[in-house]
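Student: Sequence isn't available, so here's the structure alone:
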């Protein structure tokens, strides 16, 4: 990495720090590959993941038309969807919080206005 013309001042006495940064920027091999293949480096859009809504045991399952239906149905994870997995993860977090509050004697921490 080399900094060219570091501290070069224009007619008004200003240093173009953005130009210095861009001129001296080092591109690592992984970043170069990500740029070659066109992957996004810092932006995911939309920032919110959409979950498919469905009735119990009525979620969508993708499969190739040549696959046997028995193999598709018996495939690991075929009975789960992103929505049901989300609810299971939320339930596990809730149970963890409840078990921690019980193990600590139901002491609730209040960060609001406290009388001294």
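Tutor: Yep, that arrived. Keep in mind it's a predicted model, so treat the numbers as computed, not measured.

Student: Identify, by residue count, the longest helix of the protein.
Tutor: Counting residues, the longest helix found in the chain (DSSP state H) is helix 82-103.

Student: any idea how far that one is from the chain center?
Tutor: 20 Å (Cα atoms, centre = their mean, to the nearest Å).

Student: just stretch 52-67 next, same as before
Tutor: The answer for stretch 52-67 is 24 Å, by Cα atoms, centre = their mean.

Student: which residues are contacting that stretch?
Tutor: 72-73, 78-79, 81-84 (Cβ atoms under 8 Å, 6 or more residues apart in numbering). From N, CA and C alone the C-beta is placed, and that goes for glycine too.

Student: Of these, just the buried ones, PyMOL syntax please.
Tutor: Remark: buried members of the contacts of stretch 52-67, expressed as a PyMOL selection using 16 or more other Cβ atoms under 10 Å:
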select buried, resi 81
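
Student: Closest one of the contacts of stretch 52-67 to residue 39?
Tutor: residue 82 (22.4 Å; Cβ to Cβ).

Student: Now do the same contact list for the closest one.
Tutor: 49, 51-52 are the contacts of residue 82 under Cβ under 8 Å, 6+ apart.

Student: Grab the nearest non-local neighbour of residue 84.
Tutor: Counting by Cβ to Cβ, 6 or more residues apart in numbering, residue 59 is the residue found nearest to residue 84 once chain neighbours are left out, at 7.3 Å.

Student: In which helix or strand does residue 49 reside?
Tutor: Assigned by DSSP states H and E, residue 49 belongs to neither a helix nor a strand.

Student: Now for it, how many residues are close by?
Tutor: For residue 49, the neighbour count with other Cβ atoms under 10 Å is 8.

Student: Many thanks, have a good one.
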